[in-house]
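Chemist: Got a predicted structure here, sequence first:
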Amino acid sequence: MENISTFVWSYFAIAGLGIVALAAVLVTWSVQYVMATRSEATRTTMRRRPVVVHHRHFALHH
């Protein structure tokens, strides 16, 4: 019975390590994805904002 319990505990340890590794990979991937989308969003807004300000300025003067 001791051999079976040792096998079960080693299996649980390996499974736990696998779950922890998978969770770490998922967290890293999601953080990179959020940062990429956030930087892309700020880039588009920064690109779009001067055009809107320019059009308002143009409309005010004409």
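Modeler: Perfect, I can see it now.

Chemist: alpha carbons only for contacts and neighbour counts from here, please
Modeler: Will do.

Chemist: Determine the three-state secondary structure at residue 38.
Modeler: Local secondary structure at residue 38 is given as helix here, using DSSP: H, G, I helix; E, B strand; the rest coil.

Chemist: Neighbours of it, how many?
Modeler: The number of residues packed around residue 38, counting by other CA atoms under 10 Å, is 12.

Chemist: And for residue 32?
Modeler: 12.

Chemist: now it: how far from residue 39?
Modeler: Residue 32 sits 10 Å away from residue 39 when distances are taken as CA to CA, to the nearest Å.

Chemist: To which secondary structure element is residue 6 assigned?
Modeler: Assigning secondary structure by DSSP states H and E places residue 6 in helix 2-61.

Chemist: what's the average pLDDT for that helix?
Modeler: Within the predicted structure, the mean pLDDT of helix 2-61 is 81.

Chemist: let's have the chain start at 54 instead
Modeler: From this message on, residue numbering opens at 54, which makes the last subject helix 55-114.

Chemist: ok, now how distant is residue 85 from residue 91?
Modeler: When distance is defined by CA to CA, residue 85 is 10 Å away from residue 91.

Chemist: And for residue 57?
Modeler: The gap separating residue 57 from residue 91 is 50 Å, by CA to CA.

Chemist: and if you look at residue 75?
Modeler: If you go by CA to CA, the gap between residue 75 and residue 91 works out to 24 Å.

Chemist: Over to residue 81?
Modeler: Distance from residue 81 to residue 91, counting by CA to CA: 15 Å.

Chemist: Enumerate the positions of stretch 71-91 that are buried.
Modeler: By neighbour count, and taking 16 or more other CA atoms under 10 Å as the criterion, stretch 71-91 has no buried residues at all.

Chemist: Extract the CA atoms of it and return them as PDB.
Modeler: Once non-C-alpha atoms are left out, stretch 71-91 reads as follows in PDB (Å, rounded to 0.1, in the frame of the first residue of the first chain):
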ATOM      1  CA  GLY A  71       1.600  21.000 -14.500                       C
ATOM      2  CA  ILE A  72      -1.500  23.100 -13.500                       C
ATOM      3  CA  VAL A  73       0.800  25.800 -12.000                       C
ATOM      4  CA  ALA A  74       2.900  25.900 -15.100                       C
ATOM      5  CA  LEU A  75      -0.200  26.100 -17.300                       C
ATOM      6  CA  ALA A  76      -1.700  28.900 -15.100                       C
ATOM      7  CA  ALA A  77       1.600  30.800 -15.300                       C
ATOM      8  CA  VAL A  78       1.600  30.500 -19.100                       C
ATOM      9  CA  LEU A  79      -2.000  31.600 -19.300                       C
ATOM     10  CA  VAL A  80      -1.400  34.600 -17.000                       C
ATOM     11  CA  THR A  81       1.700  35.700 -19.000                       C
ATOM     12  CA  TRP A  82      -0.100  35.300 -22.300                       C
ATOM     13  CA  SER A  83      -3.200  37.300 -21.100                       C
ATOM     14  CA  VAL A  84      -1.000  40.100 -19.700                       C
ATOM     15  CA  GLN A  85       1.000  40.300 -23.000                       C
ATOM     16  CA  TYR A  86      -2.300  40.300 -24.900                       C
ATOM     17  CA  VAL A  87      -3.800  43.100 -22.700                       C
ATOM     18  CA  MET A  88      -0.700  45.200 -23.000                       C
ATOM     19  CA  ALA A  89      -0.600  44.800 -26.800                       C
ATOM     20  CA  THR A  90      -4.300  45.700 -27.200                       C
ATOM     21  CA  ARG A  91      -3.900  48.600 -24.700                       C
END
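
Chemist: Noted, bye for now.
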